[in-house]
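Peer 1: A predicted structure for the sequence below; I have some questions about it.
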Amino acid sequence: MSLDRAIEISLMKPLGMHVETVPLEEAGGRITASPLASKVDDPRFDNSAMDGFAVIASDCQVTGSTLRIIGTSQAGSELSLRIREGQACRIMTGAPLPEGSDAIVMIEDTVVNGDQVIVNGPARTGFIRKRAENLSMGQVALPSGTLLTSASLALAGTMGHGSLEVIKRPRIAVISTGDELVQPGDELAPGQIYESNSHALASLVEEMGCLAVRHEAANDSLEELRATLDELSYCDAILTSGGVSMGDWDLVRKIMEEEGSISFWKMKLRPGGPPLFGSWRETPLFGLPGNPVSSLVVFHTLVVPWISRSLGFHPELGPRISQRVSVELEDDIKGAPGKLCLRRIRIRSENGRLLATTHTHQGSGNIHSMVAHNGLSLLPPDTDGEAGQVIEALWLL
Ligand code: AMP
Ligand code: MG
């Protein structure tokens, strides 16, 4: 199964998409569920970009022109002021432009003398922000599937939305499996190791705009696994880690074969070969590999597109945890026969080029390699990468 085919099959059982309305103050980090159109023009009226004087440009052709001050336009003022030839109006940044004026002189370029102002600098039309130059009423500026970041929240506010429709956060269960796994911090008996995958997976689930429901690690027993899967089948999807290879104790694969349904098992991917996808009862389930690097690699390559396409994330404005880039290799890296090869690489920008190196040991059990590096090569099957060559990669954000 190629990665592309695996994604296609998984999308036949998409993650359910539901919508809820939330107040703007609670919308940070959420994802828009419908296109958002502006309720107003932005700016709403011609206004000044500077503190200074609103004037008629033709009155200020010569340095030292003197004009009579007829009033002040402040931010929030009503739009009733008007100037005529030979007149000027004090104006503050953001305040409405008085009728009749067509230019602004900066305060720094003026000298005030009683009710007269002497203009010693240029009167610029460019200091006027024109009505609707940013946005027109009705214009859709936030498409559906946009992550509400600081700037997009401000834009939603500017457009007049006090509440908005966002994607309801799907609940995604995260279950580690393995008799050897112990909660970090607890006492380790001989042969046991600390459980770490569920922490990484839960964090990735949240970064993708979903709610992670972390369960304590399940032992390698069909009874415990069945009970845990049943308990969590109320969630919108389940991610397990471990127990999907060929071994006798790979019980996630076994229970899914016997009691669930499997849409595919195994991908042409290194690391991360043995994942499966299917459903438990009606709940979509990804069986991710147990090796810590493999489970993350499969999340980045398979689960991310499944979530983003199921929920309709905008390709540029939606949540993203990696970016596809072209990088120039500084070291040789080995590809994999018949498999897409995701080597850990460290990407850095230098003189306008993205350069990639490899540092630590690349074993799929070495989670340190995912911290020491910040990217994954996307080496096509049967190809090695040579120093100097440009290859595709995922830059982990
Ligand atoms: P498995 O696929 O269950 O055979 O696991 C493969 C390897 O990953 C074994 O060395 C496991 O001990 C390790 N492993 C499995 N699950 C976890 C986990 N949740 N945290 C850390 N290591 C794990
Ligand atoms: Mg195991």
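Peer 2: Looks like it came in fine. Residues are numbered from 1 along each chain as shown. Ligands and ions are numbered 1, 2, ... in the order given.

Peer 1: Need the per-residue pLDDT for residue 363.
Peer 2: The model reports residue 363 with a pLDDT of 86.

Peer 1: thinking it is in contact with residue 344, fair?
Peer 2: No - using Cβ atoms under 8 Å, residue 363 is not in contact with residue 344; the gap is 10.0 Å. Backbone N, C-alpha and C define where each C-beta goes, glycine included.

Peer 1: more neighbours, those two?
Peer 2: A direct count of neighbours by other Cβ atoms under 10 Å for residue 363 and residue 344 places residue 344 higher, at 27 against 13.

Peer 1: That one bridge partners, please.
Peer 2: In this structure, residue 344 bridges to residue 376 when assessed by DSSP bridges.

Peer 1: Thought residue 358 was touching it, still the case?
Peer 2: Yes - the pair residue 344 and residue 358 qualifies as a contact (Cβ under 8 Å) at a distance of 6.6 Å.

Peer 1: overlap in contacts of the two?
Peer 2: Shared contacts of residue 344 and residue 358, defined by Cβ atoms under 8 Å, 6 or more residues apart in numbering, are found at residue 373.

Peer 1: you'd agree residue 228 is in a helix?
Peer 2: Yes - under DSSP: H, G, I helix; E, B strand; the rest coil, residue 228 falls within a helix.

Peer 1: Could you give the number of residues near it?
Peer 2: Neighbourhood size, residue 228 [other Cβ under 10 Å]: 20.

Peer 1: for the nearest residue to it once chain neighbours are set aside, what are its contacts?
Peer 2: With Cβ to Cβ, 6 or more residues apart in numbering as the criterion, residue 228 has its nearest non-adjacent residue at 4.6 Å, and that residue is residue 218. Each residue near residue 218 by Cβ under 8 Å, 6+ apart is listed here: 175, 176, 177, 224, 225, 228.

Peer 1: and for residue 363 and residue 344, which residues touch both?
Peer 2: 293, 369.

Peer 1: returning to that earlier point: just put the contacts of residue 218 in TSV and tack on secondary structure, distance to ligand 2 and pLDDT.
Peer 2: Formatted as TSV, the contacts of residue 218 follow (DSSP: H, G, I helix; E, B strand; the rest coil; distance: Cβ to the ion, whole Å; pLDDT from 0 to 100):
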residue	secondary structure	distance to ligand 2	pLDDT
175	strand	12	98
176	strand	9	98
177	strand	6	98
224	helix	13	98
225	helix	11	98
228	helix	14	98
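
Peer 1: picking that back up, look up how far residue 30 lies from the residue nearest to residue 228.
Peer 2: Using Cβ to Cβ, to the nearest Å, residue 218 is found at 31 Å from residue 30.

Peer 1: repeat for residue 291
Peer 2: Distance of residue 291 to residue 30, given as Cβ to Cβ: 33 Å.

Peer 1: now swap in residue 386 and tell me
Peer 2: Residue 386 is 44 Å from residue 30, by Cβ to Cβ.

Peer 1: Please identify which helix or strand holds residue 356.
Peer 2: Per DSSP states H and E: residue 356 is located in strand 353-357.

Peer 1: State the helix or strand in which residue 40 lies.
Peer 2: Using DSSP H and E, residue 40 is not contained in any helix or strand.

Peer 1: next one: residue 202
Peer 2: Taking DSSP H and E as the criterion, residue 202 maps to helix 197-207.

Peer 1: Next, the buried residues of that helix.
Peer 2: For helix 197-207, the neighbour count (16 or more other Cβ atoms under 10 Å) marks 197, 198, 200, 201, 202, 204, 205 as buried.

Peer 1: same question, stretch 107-127
Peer 2: Those would be 107, 109, 110, 117, 119, 123, 124, 127, for stretch 107-127 by 16+ other Cβ under 10 Å.

Peer 1: need the contact list for the residue most central in space within the chain.
Peer 2: Nearest to the geometric centre of the chain sits residue 319, at 2.4 Å (Cα atoms, centre = their mean). Counting by Cβ under 8 Å, 6+ apart, residue 319 touches 31, 147, 207, 208, 209, 308, 313.

Peer 1: And the helices in the stretch 101-250 of the chain?
Peer 2: Using DSSP state H, counting those that start in this stretch, the helices of the stretch 101-250 of the chain run over residues 150-158, 197-207, 222-232.

Peer 1: list the buried ones in the first one?
Peer 2: For helix 150-158, a neighbour-count test (16+ other Cβ under 10 Å) marks 152, 153, 155, 156, 158 as buried.

Peer 1: looking at it, the fourth one is touching residue 36, isn't it?
Peer 2: Yes - counting by Cβ under 8 Å, residue 156 touches residue 36, with 6.1 Å between them.

Peer 1: what is in contact with the two at once?
Peer 2: Joint contacts of residue 156 and residue 36 (Cβ under 8 Å, 6+ apart) are 142, 164.

Peer 1: which parts of the stretch 151-300 of the chain sit against ligand 2?
Peer 2: Where proximity means Cβ under 5 Å from the ion, the interface of the stretch 151-300 of the chain facing ligand 2 comprises 178, 242, 243, 290.

Peer 1: let's see 8 Å
Peer 2: Residues of the stretch 151-300 of the chain lying close to ligand 2 by Cβ under 8 Å from the ion are 177, 178, 179, 180, 220, 242, 243, 247, 249, 250, 290.

Peer 1: Show the contacting residues for the second one.
Peer 2: Contact analysis of residue 178 by Cβ under 8 Å, 6+ apart lists 195, 217, 219, 220, 242, 243, 290.

Peer 1: The residues you listed in strands, which ones?
Peer 2: Of the positions in those, residue 217 sit in strands, assigned by DSSP state E.
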